[in-house]
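# everything below, folded, please.
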Amino acid sequence: MDYNFSEIEKKWQARWAKEKPFKAENNSTKPKYYVLDMFPYPSGAGLHVGHPLGYIASDIMARYRRHKGFNVLHPMGYDSFGLPAEQYAIQTGQHPALTTQENIQRYREQLDKIGFSFDWDREVRTSDPEYYKWTQWIFIQLFNSWYNKESDKAEDIKTLIAEFEKKGNSAVNASCDEGTKKFTALEWKAFSEKKKSDVLMHYRIAYLGEAYVNWCPALGTVLANDEVKDGVSERGGHPVERKLMKQWSMRITAYANRLLEDLNKIDWPESLKESQRYWLGKSVGTSLRFQLKNSEDKIEVFTTRPDTIFGVSFLTLAPEHELVEKITTAEQKNQVTDYITKSKNRSERERQAEVTKVSGVFTGAYAEHPFTGNKIPVWIGDYVLAGYGTGAVMAVPGHDSRDYAFAKNFNLPIPEVVQGGDITKESYDAKEGKLINSDFLNGLEVKAALKNSIEEIEKRGLGKSKINFRLRDAVFGRQRYWGEPIPVYYKNDIPYVLAENELPLVLPEVDKFLPTEDGEPPLARAKNWKYKGEFEYELTTMPGWAGSSWYFLRYMDALNDKTFADRTLSDYWQNVDLYIGGSEHATGHLLYVRFWTKFLFDLNHISVDEPAKKLINQGMIQGTSAMVYRVNNSNKIVSAGLKNNYDTTSIHIDVNIVENNVVNVEALKKWRDDFANAEFELEDGKLLAGSAVEKMSKRWYNVVTPDLICQKFGADTLRLYEMFLGPLEQSKPWNTNGITGVSGFLKKLWRLFYQNNTFTVSEEEPTKAELKTLHKTIKKITEDIERFSFNTSVSNFMICVNELGEQKCNKRAILEKLILLVSPYAPHIAEELWESLGHTESISTAPFPEFNEAYLTEDSFIYPVSFNGKTRFQLDLSATLTAQEVEKIVMENEQISKYLEGKTPKKIIVVPKKIVNIVI
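Numbers count the residues shown, from 1 in each chain. Below you'll find the predicted structure:
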């Protein structure tokens, strides 16, 4: 029987679909193991070979844990709301639901062909009303909650209202909007319903408020920071501007400190933790107010370096700061207006990252230094963000590199107030040195000056010490169609949430998927879509990250129509033991899912406050592009080795018509019309292609699909090869040329069981050498999997099979265990050979082989016997002998007299299991 991977893989994929051996049990005495992949957005392009990398790694771990006796939850679903399907709908008129369904079918076909052990009965789709019913329910809980700083957790809004009714808000310690006004209990009771609603919005975790957003007119929607790059939308490259809009937002800032501190208790990559730490941006400092000249207004700043107060030579406001328009003089108005317009096209993320790009405009206004009374010019600059701190900075160019670059660019004074650097060359930013030119701080070290300056600022009533975070509240509403409807309606201009029994609020049908002519979101096109036929619904939809912020919980109880997950089941599964996905989600999904998990924990809906114990970021598989070379101003294509003989231009071609760098010329002619009648200059009868490692993309024609590899080489070969390419966390280029080695390995493995189409496994007892090879491999594979070193496992399999082949091993006692080791990596061939060995049950839950060190211990040792350092003969002796016993046997050996030549040894050196040396 030949190794017919195509028939074998079809057979077992069909068997798995029917018998469901990977179904997780909800009531099990086994220990649980929850392994999760970041679920994909089902795009029209389908999967390329780079996408399954993480899925294969997680599947190896899921299969391994089943072998080790765990009850494994390994689900899969689809993050099926998204802008691409909506853009396609706008272009073609096809409903996003139809596009999404077609794409999901394509993904499912591809995933099934690779042989993943997913529990498909738990599949979720974020665009399914039965799923987003619970996303809407979570929104309602967020709306009906506030963050109590005293208890350091979210609580029901009713407890806050009760406090307002008793004492007003003077004693309330809550996460709320800056500048929330104080009121008494009597005033609260006298407020109208609308006023009460407005006040509560300052406290709710899901709230409606004004926020600066990334507005994309072409897409008609607000974009998240990570959806904007270089001032344009990541999708489509459309211009994006900063705009103040009324938006639904999430008060994630309430959780900033917990999100930061709890990074210490999860096993996530340090680089990812650092990204989150930076994004959260905790800083300890003080607020400080500067009185504007000829005005009653004050500019409040937040600074972490109040010790440098005497080094302030100008103030810089964010272009969006509320005072800019008010304080700008008539002479500066045009310049300021132009600058604000330009700044609108840059995202906050860009403005933070581009430290070398210096720009700004003088407003014409001045402020008064709070200690010296000196006149300080007020500028605007887009390196200051409206959302961070107060949207204003006291610029100390002598001791801050960005202020220094600004001052140098605009020829502003650079006072020195901390000794230690040379400010003629660069700013001295270090928090060490003595204060100079600083009045009452002179002579103090920085640490003491920080303390004294804060005390003096508070004593004079100029500000107070505080902790600040870079993190901003998350804008939640999106002006688009294809997303979860926000379960809110408006009555007398007051937002109300739907009752739980009114969920889900299903997306209505619309005639077009575009905003209306007067700029309303697409949901405004829905006819007769009103709450109880009378009240207007919220017209924005939820962002792409909403459904993915809790999906790990839904997998625990995917079909429950009474709650998002039964508490007994969420208590059993708790959180994810291993989460695998891309590092690009560090400050998006991975921050939001932590936020929602903590919130649900606070309200006692779940028993864990982190979504995943361990997380691995898989690297990217890059494409290896293929190029041919056209001689300029001609129709001649030359082989890669000849290109330097001509003036040529490289042209990317489809990698699938190239094999081992040789282009299939006939296929090239058919691929594109401009090659059909080309003249080809070959090398040794071949057209050789050039190559380059680039992102796998349709643009470079370097996309290789898993379907093609499965068809040519089989899914088991694909799985092994993706692991063999290198460490899971590293990026590496795809090269189909290298796959034949892995394909050959599987054929060798097959031949250990079948010779000349005959099953040749014997029941004979294995030899010591065979047992040693097996147990050496068990040890290495177990260690490899436990430390996620899947690439070294493939190498170890190859070594093992080669050794067993040399030993002509066909013993059941060896091969049965070997195939169990291979099973997590190459499950189809493992199932087939397992069945050939006479088993009727799936291999998937058979116990994993246990390592026995005794088989690696040698029974005997061949001693080299030397005379004055020269080896003369060898003796095979028991490995358990002592040095004295070895010496006795050696000296009694008949060969000794020949080399002693009648002499008496001066010294006999015996090192057990190493050497015997006789000195004469």
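
# burial measure for the closest residue to residue 586 other than its chain neighbours, as a count.
Nearest residue to residue 586, sequence neighbours excluded (CB to CB, 6 or more residues apart in numbering): residue 275, at 4.0 Å. Just so you know, the C-beta spots here come from the backbone N, C-alpha and C atoms, and that holds for glycine as well. By the measure other CB atoms under 10 Å, the count of residues near residue 275 is 17.

# contacting residues for residue 275?
By CB atoms under 8 Å, 6 or more residues apart in numbering, residue 275 lies in contact with 583, 586-587.

# wasn't it part of a helix?
Yes - judged by DSSP: H, G, I helix; E, B strand; the rest coil, residue 275 forms part of a helix.

# against residue 318, how distant is it?
24 Å (CB to CB, to the nearest Å).

# would you confirm that residue 890 contacts residue 915?
No - look at residue 890 against residue 915 with CB atoms under 8 Å: they stay out of range, at 11.0 Å.

# who touches both of these two?
residue 863.

# name the residue in those two with the higher neighbour count.
Taking neighbours as other CB under 10 Å, residue 890 and residue 915 compare with residue 890 leading, 19 against 14.

# phi, psi for the more buried one please.
phi -60, psi -50 (degrees, to the nearest 10).

# what does residue 178 give?
Residue torsions, per degrees, to the nearest 10, at residue 178 are phi -60, psi 140.

# share the number of residues neighbouring it, please.
Residue 178 has 7 nearby residues by other CB under 10 Å.

# same check on residue 322?
Residue 322: 12 neighbours (other CB under 10 Å).

# what's the answer for the one 3 residues further on, then?
As a burial measure, residue 325 scores 12 neighbours (other CB under 10 Å).

# whichever helix or strand it is part of packs against which elements?
According to DSSP states H and E, residue 325 maps onto helix 324-327. Packed against helix 324-327 by the contact rule (3 or more CB pairs under 8 Å, 6 or more residues apart in numbering; DSSP states H and E) you find strand 361-368.

# buried stuff in whatever helix or strand comes next after the strand it packs on?
Using DSSP H and E, the helix or strand that follows strand 361-368 in sequence is strand 375-380. Within strand 375-380, the residues scored as buried using 16 or more other CB atoms under 10 Å are 376-380.

# and stretch 404-419, by the same measure?
404-407, 410, 412, 414-418.

# what's the spacing between that stretch and its chain's center?
How far stretch 404-419 lies from its chain's middle: 40 Å, per CA atoms, centre = their mean, to the nearest Å.

# neighbouring contacts of that stretch?
Contacts for stretch 404-419 (CB under 8 Å, 6+ apart): 307-308, 310-311, 313-314, 316, 355-356, 358, 360, 362, 377, 379, 381, 383, 395-399, 423, 426-428, 430, 433-438, 446.

# what is the nearest of the buried residues of stretch 404-419 to residue 579?
Distance ranking of the buried residues of stretch 404-419 against residue 579, using CB to CB, places residue 405 first at 40.3 Å.

# hang on, the closest one in a helix?
Yes - counting by three-state DSSP, residue 405 is located in a helix.

# point out where this structure drops to low pLDDT.
Within the chain, the ranges that satisfy pLDDT under 70 run 226, 345, 347, 349-350, 352-356.
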